[in-house]
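Visitor: Next one to model:
(chains A and B)
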2 protein chains.
Amino acid sequence: MITVHGFSPSGNCHKIRLLLEQMGKPYRWIETDSSAGATRTPGYLAKNPNGKVPIIELEDGRVLAESNAILYWLADGTEFLPVDAWQRAQAMSWMFFEQYSHEPYVAVARFICGWTPMDSPRRASLPQLRAKSHDALSVMERHLSRARWFTGERYGIADIALFAYTDVAGDGGIALNAYPAIRDWLARVRATPLFVPLPEPDPTARALITASA
Amino acid sequence: MITVHGFSPSGNCHKIRLLLEQMGKPYRWIETDSSAGATRTPGYLAKNPNGKVPIIELEDGRVLAESNAILYWLADGTEFLPVDAWQRAQAMSWMFFEQYSHEPYVAVARFICGWTPMDSPRRASLPQLRAKSHDALSVMERHLSRARWFTGERYGIADIALFAYTDVAGDGGIALNAYPAIRDWLARVRATPLFVPLPEPDPTARALITASA
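Guide: Numbers count the residues shown, from 1 in each chain, chains lettered A, B, ... in the order given. Modelled structure (predicted):
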């Protein structure tokens, strides 16, 4: 059985849980609180020298890091990744877009709002992070005005990758009002079989998110 | 024939040229100076709404964005990407590492040193960018102390992706003295058949790089 080392409130980690649940594939989840230093212990760094969650660990001890590479490996040969080479490449393109042009803004704005103190100097970067988030959302909106999914002709791993933080963009003070096609797509993703939502932030994080609005 | 829209001094763009040269695949290169706004014209944004280089364009007008997705598409079915699913996933993992934990520091430090004025406020971020660059280089060094390549058992697209900016890290004031395994790997990459180096920065950029040292 696959073991996932993940932090439940993290969208990057939730990607893996969502795909495994939708594939009906059994897995073991080891809660690894990256906000409390659990990815910086010698034991964890021996598994992933880059000190990030999520990782998956096979029964023979082999480890794979990077959320979107894990999605790719798990989905290969399933309905969640197209067979057609061009469609696969487009799905990969959206997954690189997610990690380079979307997550560093949308996810980081959310993290700062919910998981740093109200007087954190990092909060000064929120206006810029939100502006860059809207740039990424505009690119997504444009795609979704002409297509239903990001993974070729059907729902798959590029949708899972982009859904993770887009669905909770509001936690970072990023409103989705201006993006009707994104809101429709989020609803379509939530309606896919065996969908599981990201867990609610704990009360401390929720209070900080509310205070940051 | 494939058309590449790229900016020659960009490592992300050079990845595509290097792979195409090593594959012996003919291509047309359209120089697209992203530092002078060429990726923000209506014509370019119609091809890539995210406004970045490189992209490739097929003869029928189809477009693929994101350097590492382009490498993946070009290399599929060739010696530059393993057939084995686990090795492929590891290669993808290194390519996501490159775009998330390496390029935003190593490439951005180089860009600031060579392509922004000496009094740019962005230069205040250089110490942090360099520290994060060394974190990424340490992860690479650790891997290379036990393996010759990043793309499974032989040279391939994950090596091309990581080589691009590592080889010119010095331009951003990031010394490689402490990384003997990386320096050996860089030499191995440079010795691969049909290798082409990144072009020298123009004299203005080179002068800024020298002044930033």
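Visitor: Might you report the residue contacts of the nearest residue to A:Ser10 once chain neighbours are set aside?
Guide: Spatial nearest neighbour of A:Ser10, excluding adjacent residues (CB to CB, 6 or more residues apart in numbering or on different chains): A:Val53 at 6.3 Å. Quick note: C-beta positions are derived from backbone N, CA and C, even for glycine. By CB atoms under 8 Å, 6 or more residues apart in numbering or on different chains, the residues touching A:Val53 are A:5-7, A:10, A:12-13, A:32, A:34, A:39.
Visitor: Could you count how many residues lie near A:Ser34?
Guide: Using other CB atoms under 10 Å in any protein chain shown, A:Ser34 has 21 other residues around it.
Visitor: State the pLDDT value of it.
Guide: As predicted, A:Ser34 sits at a pLDDT of 92.
Visitor: cool, A:Ala175 as well?
Guide: Looking at A:Ala175, its pLDDT is 97.
Visitor: Could you do the one 10 residues further on as well?
Guide: Model confidence at A:Trp185, expressed as pLDDT, equals 98.
Visitor: Surely it and A:Arg148 touch.
Guide: Yes: contact criterion CB atoms under 8 Å: A:Trp185 and A:Arg148 qualify, at 7.3 Å.
Visitor: Please state the offset of the lengthiest helix in chain A from the chain centre?
Guide: Longest helix in chain A, counting residues (DSSP state H): helix A:126-144. Mean-position distance between helix A:126-144 and its chain equals 15 Å (CA atoms, centre = their mean, to the nearest Å).
Visitor: quick one: A:Ile174 and chain B, what's the gap?
Guide: Distance, A:Ile174 to chain B, by CB to the nearest CB, to the nearest Å: 18 Å.
Visitor: what's the nearest residue to that residue if we skip its chain neighbours?
Guide: With CB to CB, 6+ apart as the criterion, A:Ile174 has its nearest non-adjacent residue at 4.8 Å, and that residue is A:Ser133.
Visitor: what does the domain assignment say about chain A?
Guide: For chain A, automatic domain parsing gives the domain ranges A:2-75, A:85-212.
Visitor: Now those in TSV, please, with extra columns for distance to B:Tyr72.
Guide: Shown next, in TSV, are the domains of chain A (distance: least, CB to CB, whole Å):
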stretch	distance to B:Tyr72
domain A:2-75	10
domain A:85-212	5
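Visitor: Contacts for the longest helix of chain A, please.
Guide: Helix A:126-144 is touched from outside by A:97, A:101-102, A:104-106, A:108-109, A:112-113, A:150, A:162, A:166, A:169, A:172-174, A:176, A:178-182, A:184-185, A:212, B:49-50, with contacts defined as CB under 8 Å, 6+ apart.
Visitor: and if we set it to 6 Å?
Guide: For helix A:126-144, the surrounding residues in contact (CB atoms under 6 Å, 6 or more residues apart in numbering or on different chains) are A:101-102, A:105-106, A:108-109, A:174, A:179, A:181-182, A:185, B:49-50.
Visitor: Could you work out the most separated pair of those?
Guide: A:Val108 and A:Ala181 (24.0 Å; CB to CB).
Visitor: Can you pull up the residues of chain A that come close to chain B?
Guide: Within chain A, the positions adjacent to chain B are A:49-50, A:64-66, A:68-69, A:72-73, A:76, A:85, A:89, A:92-93, A:96, A:99-100, A:139, A:142 by CB under 6 Å from any CB of the partner chain.
Visitor: Please repeat the previous calculation with a cut-off of 8 Å.
Guide: Proximity of chain A to chain B (CB under 8 Å from any CB of the partner chain) is limited to residues A:49-50, A:52, A:62, A:64-70, A:72-73, A:76, A:85-86, A:88-90, A:92-93, A:95-97, A:99-101, A:103-104, A:138-139, A:142-143.
Visitor: So which of these belong to helices?
Guide: Mapping those onto helices (DSSP H) picks out A:67-70, A:72-73, A:85-86, A:88-90, A:92-93, A:95-97, A:103-104, A:138-139, A:142-143.
Visitor: A:Trp185 and A:Arg148: which has the busier surroundings?
Guide: Under the criterion of other CB under 10 Å, the comparison of A:Trp185 against A:Arg148 puts A:Trp185 first, with 24 against 13.
Visitor: Just confirm the more buried one is within a helix.
Guide: Yes: judged by DSSP: H, G, I helix; E, B strand; the rest coil, A:Trp185 forms part of a helix.
Visitor: Give me the pLDDT for the residue nearest to it when sequence neighbours are not counted.
Guide: In space, A:Trp185 comes closest to A:Leu144 once its chain neighbours are excluded; the distance is 5.1 Å by CB to CB, 6+ apart. Taken from the predicted model, the pLDDT recorded for A:Leu144 is 98.
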